[in-house]
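S.K.: Here's a sequence, model it:
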Amino acid sequence: MLLALKLFLAPVLIGLVSIAGRHWGPAVGGWLVSLPLTSAPVILFLAIEQGPAFASRAAQDTLLGIISVASFCLVYYWFSFRFSWSISMIAGWGAFFALTFIEEGIILPLLFSFVVVIAFLAVVLKVMPKSQSKDIAINPPPWDTPLRMLVATAFILGLTGAASILGPQLSGQLTCKQMGHCSRVWPGIAGCVGNT
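M.R.: Numbering: from 1, shown residues only. Take a look at the predicted model:
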């Protein structure tokens, strides 16, 4: 029963958000994809499989994981001005994993974690360059939505399956790195790949 829920929940949520983004545009799609569409189900599954104490700790560390995700976005965006999408993606992932490694040894009270994350996001927004491509429309390929659904499902299955090995702190931090975040870049990558 739990496996069936894992196989159903994430693909449906990601699929609906992708369809909404195509229908109402990237602003609505961006707001919807920022919702915890994979992290909330992961925490739910962790609570069922690993217990409420494990899930509580993982949920708290999901908050700190936002720092790693914001760093991924910032590094990817800055690199994209000078390098190809593939180099930018590798650099972004490098920043994400480096910060996740650093954060793994940090245990903060929940309220202090919240303040640190909000302050970090404010700094990231301040140093994020202004978009140069507001008028560029990218039409995602037909395989985009099914791929997002597949990646989200694989992410949930993999993370919940490895949670007992990873522990609550790393599980929480990785939960925050929804593969859907990277999927926001896929339409642009598909356009680049298609034009090369």
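
S.K.: Without its sequence neighbours, what residue ends up closest to residue 29?
M.R.: Excluding the flanking residues, the one nearest residue 29 by Cβ to Cβ, 6 or more residues apart in numbering is residue 21, at 2.2 Å. C-beta: built from backbone N, CA, C; applies to glycine.

S.K.: Mean confidence (pLDDT) on the helix or strand hosting that neighbour, please.
M.R.: Counting by DSSP states H and E, the element that carries residue 21 is helix 2-24. Computed over helix 2-24, the mean pLDDT rounds to 85.

S.K.: ok, residue 107 - contacts?
M.R.: Taking Cβ atoms under 8 Å, 6 or more residues apart in numbering, we find residue 107 in contact with residue 169.

S.K.: Now do the SS call for it.
M.R.: Three-state call for residue 107 (DSSP: H, G, I helix; E, B strand; the rest coil): coil.

S.K.: separation between it and residue 66?
M.R.: 16 Å (Cβ to Cβ, to the nearest Å).

S.K.: Kindly report the same for residue 96.
M.R.: 11 Å.

S.K.: neighbour count winner among these two?
M.R.: Under the neighbour definition other Cβ atoms under 10 Å, residue 96 and residue 66 were set side by side, and residue 96 has more, 26 against 21.

S.K.: Per-residue confidence, the more buried one, what does it come out as?
M.R.: 92.

S.K.: All good on my end, thank you.
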